[in-house]
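*Asks:* Model the following, please.
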Amino acid sequence: MTTSEESYTPPSLRPNSFSRRTGWSNRPNELSRALARRGGAPPLDLTATNPTEAGLAYDGDRIRAALSSGAALRYRPEPFGLPAARAAVSASLAAQGRAVPPERIALTASTSEAYGFLFKLMGDPGDAAAIPAPSYPLFDYLAELEGLSLARYRLVHEGDWRLDRDSFDEALSQPGVRAAIAIQPNNPTGSVLGEDELDFIAGRCRERGVALVSDEVFWEYPLESTARWKSAASVADCLSFTLGGLSKLAGLPQLKLAWIAVAGPDGLVDEALGRLELVADSYLSVASPVQEALPEILALAPAFQARLRERLSLNLAAAGRAFAPPSPVSLLRPQGGWSLVVRVPRLAGRESGEAWALALLERDDLLVQPGYFYDFEGEAYLVLSLLTPPELFAEGVRRLAARAAD
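*Replies:* Below is the predicted model:
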């Protein structure tokens, strides 16, 4: 019997051709569907996090000149990146008190790729990594692409954000956990681990024989003048990997360069670097032009950071005014980063962050992110981008405050 043309599916397109790791639902969430139904002008957007579209000034002439260097026409494959580029990263870290020698730094095309490298290095399919909740939703995809699962530990807000140590111990006790991920400042809470909390995590990692991965991409953006943070780059008693990159440090995500800085006991570091070199050599993903330009780009970064920190400060102050008592909106003040979390009252018809986001979009022409995008539980939370131009941000929080008071 011949299969009819109408019912025939080529073998290459049959469902069993696809990996279980990519079997994610493509169904849009309710907020995306509401946006798609809209017509006319776009809403006032408090979710944008692309620095190149945020109206921030760059020294374009010097960046272009650095990228047009004649050396960029040469290809010199180095698994961990060109020596001069790694030396520039080392010097940048040292200037912030995060000393890591160049030979312990590996360049990648992004922090997402860095996670992929580290998950390959530390875990086998079926293993797991511990991550904080709330945190950025990309981790689910990155872990699943490597065949890993996630064990979540909690960050709780009790006047300030703190680590729930019992939940961290519970996460680390899950079968197959090979790494613990810390994010400081966290996205979106803006929280940073206290020195005692980082020491606690490092101690538990040492006891359990797992690695610590500290994502410090927002490190250059404190929102408190008295902030004193401890980097995993200074951890000596467990194997640790500290991540950073140009996407946040210089506001240049399109240049596709990030890094992994390795620290800890010498024997473990040497073993990790040897294995990581083979992983990196299999990809050789960082483009030569950006590596050649890196010393100049890092030299320009502090001026960009100062401009952005001024914007973050202005927007945080505007939120403080908009949500000052007697406003029913609670500002969960961040210690650093580009995001702001607010807690809104649970009202009839607005019992969740998603219900609030939909109401604000439909009634106030305002786009915000609901907290469940980031694994918030329980009460209604919204996430706002402090990267928004100040005049737009001030208008957005005014609308949110007015709706909450209605």
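*Asks:* residue ranges for the strands of the stretch 101-250 of the chain, please.
*Replies:* Using DSSP state E, counting those that start in this stretch, the strands found in the stretch 101-250 of the chain span residues 105-108, 128-133, 149-157, 161-163, 177-183, 211-215, 240-245.
*Asks:* Nearest to residue 18, out of those?
*Replies:* Smallest distance to residue 18 across those (Cβ to Cβ): 19.4 Å, for strand 149-157. The C-beta positions use only the backbone N, C-alpha and C, and glycine is treated the same way.
*Asks:* for the closest one, packing partners?
*Replies:* Under the contact definition 3 or more Cβ pairs under 8 Å, 6 or more residues apart in numbering; DSSP states H and E, strand 149-157 sits against strand 128-133, helix 138-145, strand 161-163, helix 165-172.
*Asks:* hmm, back to that, any chance of the strands of the stretch 101-250 of the chain in TSV, plus mean neighbour count, distance to residue 321 and mean pLDDT?
*Replies:* Putting those into TSV (neighbours: other Cβ atoms under 10 Å; distance: least, Cβ to Cβ, whole Å; pLDDT from 0 to 100) gives the following:
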stretch	mean neighbour count	distance to residue 321	mean pLDDT
strand 105-108	25	41	98
strand 128-133	24	30	98
strand 149-157	19	21	96
strand 161-163	20	22	95
strand 177-183	24	29	98
strand 211-215	25	31	98
strand 240-245	27	33	98
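*Asks:* got CSV for those, with distance to residue 202 too?
*Replies:* Below are those laid out as CSV (distance: least, Cβ to Cβ, whole Å):
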stretch, distance to residue 202
strand 105-108, 20
strand 128-133, 13
strand 149-157, 14
strand 161-163, 12
strand 177-183, 9
strand 211-215, 6
strand 240-245, 7
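*Asks:* Tell me which of those strands lies nearest to residue 348.
*Replies:* strand 149-157 (24.7 Å).
*Asks:* So what touches that closest one?
*Replies:* For strand 149-157, the external contacting residues (Cβ atoms under 8 Å, 6 or more residues apart in numbering) are 126-134, 139-140, 143, 161-164, 167-168, 170-172, 174, 176-177, 186, 189, 191, 332, 375.
*Asks:* Next, count neighbours for residue 220.
*Replies:* Residues lying near residue 220 (other Cβ atoms under 10 Å) number 21.
*Asks:* which residues does it contact?
*Replies:* Residue 220 makes contacts with 96, 248-249, 301, 305, as judged by Cβ under 8 Å, 6+ apart.
*Asks:* just the buried members of those residues?
*Replies:* The neighbour-count criterion (16 or more other Cβ atoms under 10 Å) marks 248-249, 301, 305 among the contacts of residue 220 as buried.
*Asks:* Just name the closest of the residues you listed to residue 388, please.
*Replies:* Ranking the buried ones among the contacts of residue 220 by separation from residue 388, with Cβ to Cβ as the measure, puts residue 248 on top at 16.0 Å.
*Asks:* Do you know the pLDDT at the closest residue to that closest one other than its chain neighbours?
*Replies:* Computed as Cβ to Cβ, 6 or more residues apart in numbering, the closest residue to residue 248 that is not its neighbour in sequence is residue 217, at 4.5 Å. Per-residue confidence at residue 217 stands at 98 (pLDDT).
*Asks:* How about residue 346?
*Replies:* Confidence for residue 346, expressed as pLDDT, is 89.
*Asks:* Looking at the contacts of residue 220, which has the smallest pLDDT value?
*Replies:* For the contacts of residue 220, the least confident entry is residue 96, with 90.
*Asks:* didn't that one look like it was pressed against residue 219?
*Replies:* Yes - with contact taken as Cβ atoms under 8 Å, residue 96 and residue 219 are classed as touching, separated by 6.9 Å.
*Asks:* which residues do those two both contact?
*Replies:* residue 231.
*Asks:* residue ranges with poor pLDDT in the protein?
*Replies:* By pLDDT under 70, the weakly predicted segments of the chain are 1-15, 226-227.
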